[in-house]
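>>> Sequence below, structure please.
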Amino acid sequence: MSTLRSILIAALLLSMGGAGLAAPSPAVAAAPAVQSSATAAVPAAQSRFACDEVDAKDKGWVLPIYVHQPGQDAWEADSAALLNTIWETDQTVDSSAERFGVSRRIRFVQDGDCRPVVAKLPFTKGRNRAEMGKAMAENLASQPALVRTLWQTNRVKPLYLVRDNEITDSCTGGGANAGLSTGNVILPRWCWSEAGLTHELIHSFGLSHCDGGGVNGNDPVCRNMGTRKECTSDPASNYHLDSCRIDDFRYFEPTPVRQPELERIRNVAFSPYLIQDQPSPVWRFRIKVVDGGRCLDGSAAQVVQRACTDGSAQTWQRGIDDDGYLTIRNAATGRCLTMADTVVTGPCAKKDKAQQWLPDAGQDRTNFTSRAGGKPAVKDNRDGGAVVRDGKGEFVAELLGGLASSPTRPSTPAPTATSQSTARPTTGPTAGPTAGPTGAPTATPTSAPEPAVTSGPAESLDPTPAPAETPVRGRNVRFRSTYGTCLTSSGTRVRLGACGATWNVVTVGEHVQVRRQNRCMALGKVSGGKRSVVLVKCSGAAKGQCWLLEKAGGSVTLKSATTKATRLVASSAKPAGVYAKAAYQKNSVKFTIR
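So this is what the prediction gives:
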């Protein structure tokens, strides 16, 4: 592991401008501590992680475990770095999937508000780190009920994030394959970062390095390991999963295009530890200069640093584009962060390399690398000083609202069991510690049961109408089409696909809004006599977001409430895009609501 460690240290030092690996300040707004006592709950809308309400025997769960020496629990100080590490890794997975027009997110063990549950594990210095799984089993009685229950299903992939480098100073990961083989990751504190966790997470799916060969081909990891042109010509080659894509085994391939015959359990894109069809929304954040604490201000074309305020000129919107890169849009001007001779904002243009960015995320610092080359830097460190291309300067990306984990309480009620445990496949020699004992029933990872909704008109979904400007929770449902596919989305486009997406149907006056990930389904642009159907920011006054649920026998159709006969129509029965056009009810997509 000495080679891997030297590579990761080099990558981290680059991302931190040579400032070292310590974490003097949090990378995100302070998060509530996971402690043995109750902490303030964070609203579900603030969760930054993908949601999964129901457990099943074919699902795997990823469990972050905060490992500390007895008596040295410092969660309150360490939580921001840990949560930032797992969140940035989740975003890496989703960015990698968006290249194919789909979404993949990590299925973390979570509470009813979709916040990750972080377990705590006291571990004695000098004990063999391979015994962390055994130590977790010994400590299971002190864990939250949800962790106790899921751990025994043998479908939990543990991420051991060790708070110091004395317990272990080597970052490792191992597992048999991308299926329900659990595997594990061990990261000492120096290795906490998107680069460190993503690299070892790949290993936990049974993948080797670029010089591996065998069933994995010869370039699986690629990140900071490949030497071919495809692995070095674009900054994304050290970010996206399977970015090189040059051998006969593409380990992250969510579409059948050019995918050679391969066991499904070797394709990470179909791992049961990932959630499908929950694309990341646009995140609002501030970019703060570490030296001086000022914030990047985009009120003019030249981006400058100013004293931090709550103003929209210092609020940036981070989204993933169709190529898997980030676009960073200023909330005040609507213009996009652009790399030129200096750092400016410009009119947003799709596929403009100067506006495509990759995060360079360490433990507590996040810079951004332009696809066109260069990184933002600070030359004149003063109020009003310009942000320039390359040079000195480190940044912190502060998500507005911060990151939060679920309060960890041993007294948390145990969830209701729903399925039987699954036997653990044998992991390979690099698997490291095992993930726990076998033989107990699995359980739903939330205290709230999945809502039971019957098909019918809007009134049956939410009998209490509310004004458009009043936030309403509504009902969570799934729209299953008569084709066997379900209404879902990829990025901002609504389509038919896998049946994992949950929609929130809210009655507003005499119509409904159909929401997902805090965005509303709406009529898009017209092309060729039909309209696209997209997800946009919700607005009670927007007519294109108004829908009616029409009864069609035992099913329902989705009809625009602002036109006479505009309904959802699919281009084919297979997973495909949907659009809106004037159509008879019999020719539109019919759904059952579940």
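>>> hey, let's count contacts and neighbours off CA atoms from now on
Fine.
>>> ok, Ser299 - contacts?
Residues in contact with Ser299 (CA atoms under 8 Å, 6 or more residues apart in numbering) are Ala313, Gln314, Ala332, Thr333.
>>> My read is that Ala97 contacts Asp90, right?
No - with contact defined as CA atoms under 8 Å, Ala97 does not count as touching Asp90 (11.0 Å).
>>> the more surrounded of the two?
Ala97 (27 against 24; other CA atoms under 10 Å).
>>> Surely that one is within a helix?
Yes - counting by DSSP: H, G, I helix; E, B strand; the rest coil, one finds Ala97 located in a helix.
>>> From Ser142, how far off is it?
Look at Ala97 and Ser142: by CA to CA, to the nearest Å, they are 37 Å apart.
>>> ditto for Leu358
Distance, Leu358 to Ser142, by CA to CA: 40 Å.
>>> Domain map for this structure?
31-207+272-279+404-443, 291-393, 458-593 (automatic domain parsing).
>>> mind giving me a markdown table with those and columns for mean pLDDT and distance to Tyr251?
Shown next, in a markdown table, are these (pLDDT from 0 to 100; distance: least, CA to CA, whole Å):
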| stretch | mean pLDDT | distance to Tyr251 |
| --- | --- | --- |
| domain 31-207+272-279+404-443 | 79 | 8 |
| domain 291-393 | 94 | 17 |
| domain 458-593 | 78 | 20 |
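>>> want to throw these into CSV with distance to Thr255?
Formatted as CSV, these follow (distance: least, CA to CA, whole Å):
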stretch, distance to Thr255
domain 31-207+272-279+404-443, 7
domain 291-393, 15
domain 458-593, 11
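>>> between the ones you listed, which one is nearest to Pro254?
Proximity to Pro254 (CA to CA) singles out domain 31-207+272-279+404-443 among these, at 7.0 Å.
>>> State whether Phe100 and Phe252 are indeed in contact, as I suppose.
No - Phe100 is beyond contact range of Phe252, at 10.4 Å (criterion: CA under 8 Å).
>>> neighbour-wise, which of these two wins?
Of the pair Phe100 and Phe252, Phe252 is the one with more neighbours under other CA under 10 Å, namely 22 against 16.
>>> Could I get the contacting residues of the more buried one?
Residues in contact with Phe252 (CA under 8 Å, 6+ apart) are Leu241, Asp242, Asn267, Val268, Ala269.
>>> Skip the chain neighbours and tell me the closest residue to the first one.
Looking back up the chat, that one is Leu241. Ser96 (5.7 Å; CA to CA, 6 or more residues apart in numbering).
>>> Spell out, range by range, the strands that occur in the stretch 351-500 of the chain.
357-361, 366-370, 376-378, 387-389, 395-399, 417-419, 442-443, 475-477, 479-481, 486-490, 493-497 (DSSP state E, counting those that start in this stretch).
>>> what's the closest of these to Val534?
Of all these, strand 493-497 comes closest under CA to CA, at 4.6 Å.
>>> got the angle for the helix or strand that that closest one is followed by vs strand 486-490?
The first helix or strand that comes after strand 493-497 along the chain, using DSSP states H and E, is strand 503-508. Orientation check (axes from the mean of the first three to the mean of the last three CA atoms, to 10 degrees): strand 503-508 against strand 486-490 gives 100 degrees.
>>> Hey, what's the angle from the next helix or strand after strand 503-508 to strand 503-508? Just curious.
For strand 503-508, the succeeding helix or strand toward the C-terminus, using DSSP H and E, is strand 511-516. Angle, strand 511-516 to strand 503-508, by the same axes, to 10 degrees: 150 degrees.
>>> immediately after strand 511-516, which helix or strand?
strand 519-527.
>>> Sheet partners, orientation included, of that following strand?
strand 511-516 (antiparallel), strand 530-537 (antiparallel) (DSSP bridges).
>>> didn't Pro281 look like it was pressed against Leu535?
No - using CA under 8 Å, Pro281 is not in contact with Leu535; the gap is 9.9 Å.
>>> who has more neighbours, these two?
A direct count of neighbours by other CA under 10 Å for Pro281 and Leu535 places Leu535 higher, at 24 against 18.
>>> one step back: need the contacts of Ser299 in TSV (columns: neighbour count, secondary structure and distance to Leu207).
Converted to TSV, the contacts of Ser299 look like this (neighbours: other CA atoms under 10 Å; DSSP: H, G, I helix; E, B strand; the rest coil; distance: CA to CA, whole Å):
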residue	neighbour count	secondary structure	distance to Leu207
Ala313	19	helix	44
Gln314	25	helix	41
Ala332	16	coil	44
Thr333	16	coil	44
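>>> Between all of the residues you listed, which two are separated the most?
Gln314 and Thr333 (10.4 Å).
>>> between those two, what contacts are shared?
Gly298, Ser299.
>>> Tell me where the chain has helices.
2-15, 75-98, 132-138, 145-151, 194-204, 229-232, 458-461 (DSSP state H).
>>> Please export the C-alpha coordinates of the fourth one as CSV.
This means helix 145-151. Coordinates of each C-alpha in helix 145-151 appear next as CSV, following Å, rounded to 0.1, in the frame of the first residue of the first chain:
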residue,chain,number,x,y,z
ALA,A,145,-31.4,0.0,16.8
LEU,A,146,-31.2,0.5,13.1
VAL,A,147,-27.5,-0.3,12.9
ARG,A,148,-28.0,-3.3,15.2
THR,A,149,-30.7,-4.7,12.9
LEU,A,150,-29.2,-4.1,9.5
TRP,A,151,-25.7,-5.2,10.6
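>>> for that helix, packing partners?
In terms of contacts (3 or more CA pairs under 8 Å, 6 or more residues apart in numbering; DSSP states H and E), helix 145-151 is packed against strand 442-443.
>>> quick one on the thing from earlier: in CSV, list the strands paired with strand 519-527 along with distance to Trp61.
Shown next, in CSV, are the strands paired with strand 519-527 (distance: least, CA to CA, whole Å):
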stretch, distance to Trp61
strand 511-516, 22
strand 530-537, 28
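>>> quick one: which of these is nearest Pro347?
Per CA to CA, nearest to Pro347 of those: strand 530-537, 19.6 Å.
>>> circling back: including distance to Leu568 and mean neighbour count, could the strands of the stretch 351-500 of the chain go into CSV?
Below are these laid out as CSV (distance: least, CA to CA, whole Å; neighbours: other CA atoms under 10 Å):
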stretch, distance to Leu568, mean neighbour count
strand 357-361, 35, 24
strand 366-370, 39, 23
strand 376-378, 44, 22
strand 387-389, 46, 23
strand 395-399, 36, 24
strand 417-419, 35, 15
strand 442-443, 36, 24
strand 475-477, 17, 20
strand 479-481, 11, 23
strand 486-490, 11, 25
strand 493-497, 10, 22
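>>> OK, contacts around the residue nearest to the spatial centre of the chain?
The structure's the chain has its C-alpha centroid closest to Asp90; by CA atoms, centre = their mean the separation is 3.8 Å. Shown in contact with Asp90 (CA under 8 Å, 6+ apart): Phe49, Arg105, Ile106.
>>> Out of the residues you listed, which sit inside strands?
Members of the contacts of Asp90 lying in strands (criterion: DSSP state E): Arg105, Ile106.
>>> out of the contacts of Asp90, who's nearest Thr557?
Nearest to Thr557, judged by CA to CA, of the contacts of Asp90 is Arg105 at 29.5 Å.
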